[in-house]
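In: Take this sequence and fold it.
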Amino acid sequence: MKTIDELKQEIANTTLPQKTKEVFYRVLDTADIGSLSEKDQMRYESELKNYLDTMSCIEYATVKVREEGKAEGKAEGEFEAKVSIAKSMKAEGMDVALISRYTGLPVEQIEAL
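Out: Okay, here's the model as predicted:
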């Protein structure tokens, strides 16, 4: 009879989609858990809970980083648009104070353009 590790290796060597492989791995892990002592099962379940909690935290952090990246990108794009508009307005000879009022950019920054 093959060991759980041997079966997992056979699954890894197949051309099955990764999601399907993961299902088989979970089934094999569950079968392997059944042969543990009660104490070892409790320890396994505790470690599994810690692992799942950690993975949830990582997933949450990943989502947050993506959201923050999008927000930063949007803010950067809006800033670049304001600078572009300010440059055009300045090139047309508009008053710097007026440009500042419409774009929200500081007068000093507009003067430096």
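In: What does the pLDDT read for the residue nearest the centre of the chain?
Out: When C-alpha atoms, centre = their mean is applied to the chain, the residue found nearest the centroid is residue 62 (2.5 Å). Each residue has a pLDDT score; the one for residue 62 is 87.
In: List the contacts of residue 53.
Out: By C-beta atoms under 8 Å, 6 or more residues apart in numbering, residue 53 lies in contact with nothing. The way it works is simple: take the backbone N, C-alpha and C, and place the C-beta from them, glycine included.
In: Please report how far it lies from residue 105.
Out: Look at residue 53 and residue 105: by C-beta to C-beta, to the nearest Å, they are 46 Å apart.
In: For the helix or strand harbouring residue 30, output the C-alpha coordinates as CSV.
Out: Assigned by DSSP states H and E, residue 30 belongs to helix 18-33. Written as CSV, here are the backbone C-alpha positions of helix 18-33 (Å, rounded to 0.1, in the frame of the first residue of the first chain):
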residue,chain,number,x,y,z
GLN,A,18,-4.0,22.8,-9.9
LYS,A,19,-7.4,23.3,-8.2
THR,A,20,-8.2,19.6,-8.7
LYS,A,21,-4.8,18.6,-7.3
GLU,A,22,-5.5,20.7,-4.2
VAL,A,23,-8.8,18.9,-3.7
PHE,A,24,-7.0,15.5,-3.8
TYR,A,25,-4.3,16.8,-1.4
ARG,A,26,-7.0,17.9,1.1
VAL,A,27,-8.7,14.5,0.8
LEU,A,28,-5.4,12.7,1.5
ASP,A,29,-4.6,15.0,4.4
THR,A,30,-8.0,14.2,5.9
ALA,A,31,-7.4,10.5,5.5
ASP,A,32,-4.0,10.8,7.1
ILE,A,33,-5.5,12.7,10.1
